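Student: Take this sequence and fold it.
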Amino acid sequence: MDKKEKQKLYYEMNKEKIKEREKRYREENKEKILQKKKEYREQNKDKLKQYREENKERLKEYRQINKEKLLQKEKEYKNKRKKNDPLYKLKYVTRTAICNSFKKNTFKKLTKTELILGCTIEEFKTYLESKFESWMNWGNYGLYNGELNYGWDIDHVIPMVKATNKGEVIELNHFTNLQPLCSKVNRDIKRGN
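Tutor: Okay, the predicted model is just below:
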């Protein structure tokens, strides 16, 4: 039996143990692995670009065939990132809320979120934190259980329903018209449910 066959046999006999060791290594060295990937992409960006150009149709076909799988993977990635990265969650939720406010009023959003908001997402995060009540934190953002002071939402001081034109939609999405508000108050009391 040659070396390659021995390695293959060893792997087959110890598959679970090897997989567990590799998983543990990846978890313990996330930053190191991400840094290596980043360096690799940076060092090989021309090769990678060339590969994408040369294989445009193949990659398109792959995405088409694996559409559901890729969408599920993207959804899982976003959910995990939103759960672990408050700034990413804030950016995602803010962009979605602003887009929805345009759609509800049958307008198209043609301007970048940060221009409509009037500040960067980082500045918006700091602004919201400056308005926090003592019980508010990023861990209870978006939570709701019907109780006061359990979770909080981002609320429009002047409600979006007051907007009658595109200019007003933009104006009401400015950061100065937004505030952190108890989810119970925002969802049940302010909306009149």
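Student: Against which helices or strands is the lowest-mean-pLDDT helix or strand in the chain packed?
Tutor: Averaged element by element with mean pLDDT, DSSP states H and E, the chain has its least confident helix or strand at helix 3-13 (a mean of 88). Here helix 3-13 touches no other helix or strand, going by 3 or more C-beta pairs under 8 Å, 6 or more residues apart in numbering; DSSP states H and E. In short, each C-beta sits where N, CA and C put it, glycine included.
Student: Only C-alpha atoms, please: export it in CSV.
Tutor: These are the backbone C-alpha positions of helix 3-13, laid out as CSV (Å, rounded to 0.1, in the frame of the first residue of the first chain):
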residue,chain,number,x,y,z
LYS,A,3,1.4,6.6,1.0
LYS,A,4,-1.7,8.0,-0.8
GLU,A,5,-3.7,4.9,-0.2
LYS,A,6,-2.7,4.8,3.5
GLN,A,7,-3.8,8.4,3.9
LYS,A,8,-7.1,7.7,2.2
LEU,A,9,-7.7,4.6,4.4
TYR,A,10,-6.8,6.6,7.5
TYR,A,11,-9.2,9.4,6.5
GLU,A,12,-12.0,6.9,5.9
MET,A,13,-11.5,5.3,9.3
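Student: what's that helix in contact with?
Tutor: 1, 18 (C-beta atoms under 8 Å, 6 or more residues apart in numbering).
Student: Check the offset of it from the chain's centre.
Tutor: Centre-to-centre, helix 3-13 and its host chain are 41 Å apart (C-alpha atoms, centre = their mean, to the nearest Å).
Student: What of stretch 153-162?
Tutor: 22 Å.
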